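Novice: 3D model of this:
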Amino acid sequence: MSIYVEIDPNDFLGHMFNACSIDQVNEFLPEKRGFRIHGHSTTIRLERVFWAVLEEMSDRMEISLPQLIVRIHDQCLIANDKNISSCLRVICMKYMNIYT
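Specialist: Sure, this is the predicted structure:
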């Protein structure tokens, strides 16, 4: 049996999932974190990979993660009423596509 596996260039998902380590699979697990936004307590549930991107963003901007969340909340919810988790996911994707 050959250890060489031919990868179909059109099946990038198959390649990504076959290449996942246990640590990478853990990125898919959701994690809840609590924040205070303008005096109101809220819990945000995101997959760990998104929390990692948000932490990278806050480090790069030299602000705390809660400060970043508030800033995104104030700007993003104008377009997407009441769904902070969705806003955060979109911001993470935009950040990864533009700045990394």
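Novice: what about the chain, any weak spots by pLDDT?
Specialist: Filtered on pLDDT under 70, the chain yields the residue ranges 1-7, 15, 17-20, 79-81.
Novice: mind checking the SS state of the residue minimising distance to the centre of the chain?
Specialist: Taking CA atoms, centre = their mean, the centroid of the chain lies closest to F50, which sits 1.6 Å from it. The three-state label given to F50 by DSSP: H, G, I helix; E, B strand; the rest coil is helix.
Novice: Test my guess that it contacts C92.
Specialist: Yes - the pair F50 / C92 is scored as a contact, 5.0 Å apart, by CB atoms under 8 Å. To be clear about C-beta, it is placed using only N, CA and C from the backbone, and glycine gets the same treatment.
Novice: those strands in this protein, which residues are they?
Specialist: Applying DSSP state E to the chain gives strands spanning 30-37, 40-47.
Novice: need the contact list for I37.
Specialist: Residues in contact with I37 (CB atoms under 8 Å, 6 or more residues apart in numbering) are 69-70, 73, 84.
Novice: mind running it again at 10 Å?
Specialist: Residues counted as contacts of I37 (CB atoms under 10 Å, 6 or more residues apart in numbering) are 44, 66, 69-70, 72-74, 77, 84.
Novice: contacts for stretch 73-93?
Specialist: Identification of contacts with stretch 73-93 by CB under 10 Å, 6+ apart yields 30, 35, 37-38, 42-47, 49-54, 56-57, 68-69, 71-72.
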